[in-house]
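[1] Turn this into a structure:
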Amino acid sequence: MGKITLNWTDLSMDSKWYDFETGEVVAGAPAKDAPGAFLKIRPYPNELTHVVIKDGGISISGEEQKQIYDYCFEEFRGRDIVGANDQPLIFSANVKKKIYEFRLGGIPDFVLSKSRQFADKKAIAEKN
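    Numbers count the residues shown, from 1 in each chain. This is a model prediction of the structure:
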């Protein structure tokens with residue numbers, strides 16, 4: 001068996017800011033009017049996830065996905081997240097809900113993907 005290398009530096013349950021364009025973690029909180037689009041995402045605890053194995057793959061219900069999104073997506077910043085009037089949107093519970101309900105801008109999928117990465121890293125750490 002080959003060597004398995006685990007990166008322990010990312011195993012925090014703290015929220016992180018991500019650059020939406022690159023998908024990379026950014027250092028510190030970006031300014032509200034910073035150029036670009038940044039999402040603050042926290043990990044979803046693996047122990048809260050209820051999954052079903054279907055046809056050999058993991059299936060998460062729509063309701064479960066919504067719970068994960070609501071829990072993990074804390075905030076967005078940046079002047080590149082704009083509304084129909086081309087003005088920057090202000091983060092609120094209503095805006096967050098609409099983004100999810102209509103899958104706007106690919107943001108819900110990004111949040112779910114990043115929250116899953118957190119959970120996967122945490123699960124690996126707990127096994128070891």
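
[2] Check the burial of the spatially closest residue to P88 that is not a sequence neighbour by counting its neighbours.
    Closest residue to P88 apart from its sequence neighbours, by Cβ to Cβ, 6 or more residues apart in numbering: R79 at 4.9 Å. (Glycine included, C-beta is placed from N, CA and C.) Around R79 sit 15 other residues, with neighbours defined as other Cβ atoms under 10 Å.

[3] Please report the distance of R79 from Y44.
    Here the distance between R79 and Y44 works out to 28 Å (Cβ to Cβ, to the nearest Å).

[4] Need the phi and psi values for the spatially most central residue of the chain.
    Residue closest to the average C-alpha location in the chain (Cα atoms, centre = their mean): V111, at 2.6 Å. Dihedral angles of V111 (phi, psi; degrees, to the nearest 10) stand at phi -60, psi -50.

[5] now swap in N94 and tell me
    phi -70, psi -40.

[6] That one: neighbouring residues, count only.
    Counted with other Cβ under 10 Å, the neighbours of N94 add up to 8.

[7] Could I get the full set of strands for this protein?
    Assigned by DSSP state E, the strands in the chain fall at 16-19, 25-26, 38-41, 52-54, 57-59, 73-77.

[8] Alright, calling it a day.
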